[in-house]
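K.L.:
Make a model of this:
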Amino acid sequence: MKRWIIVCIYAGLLSGPAFADSGKAVYEKTCFACHGSGLLNAPKFGDKAAWAARIAQGKQTLYDHADNGFNSMPAHGGNDDLSGKDVQAAVDYMVQQADDHLAKK
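P.N.:
Reported below is the predicted structural model:
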């Protein structure tokens, strides 16, 4: 398990800085490493069932978990170059994608 955490952190470090104006860019550079595949039980990108309960907790809770780390997820997805705005933009992007999938059902 520790090896997978290190993989996520390493992927975040390799991604370099991202910019707050694009949650999609932050996701693609950092978050996809775990959220693209569901590594370490990360909710998969766009998976409405996996995101529904998390979305119900409210964005502030999601921001806090992404910013400070939660369970197996390291703070800032392991990318210390990300600002708080970058992290929030990525959360907003992932939530929007899940909400879009929820709305289509």
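K.L.:
use CA for all of it now, contacts and neighbours both
P.N.:
OK.
K.L.:
so how far is stretch 70-83 off the chain centroid?
P.N.:
Here stretch 70-83 is found 9 Å from its chain centre; the criterion is Cα atoms, centre = their mean, to the nearest Å.
K.L.:
could you give the mean pLDDT of that stretch?
P.N.:
Mean pLDDT, stretch 70-83: 94.
K.L.:
Now do the buried residues in that stretch.
P.N.:
72-80, 82-83 (16 or more other Cα atoms under 10 Å).
K.L.:
Could you tell me the end-to-end distance of it?
P.N.:
17 Å (Cα to Cα, to the nearest Å).
K.L.:
Skipping adjacent residues, who's closest to the residue most central in space within the chain in space?
P.N.:
Closest to where the C-alpha atoms of the chain average out (Cα atoms, centre = their mean) is Cys31, at 4.7 Å. Among residues not flanking Cys31 along the chain, Gly77 sits closest, at 6.2 Å (Cα to Cα, 6 or more residues apart in numbering).
K.L.:
how much space between that neighbour and Gln60?
P.N.:
17 Å.
K.L.:
quick one: contacts of the longest helix along the chain?
P.N.:
As assigned by DSSP state H, the longest helix anywhere in the chain is helix 84-104. Contact partners of helix 84-104, identified using Cα atoms under 8 Å, 6 or more residues apart in numbering, comprise 18-27, 31, 45-48, 51-52, 55, 59, 62-63, 66-67, 76.
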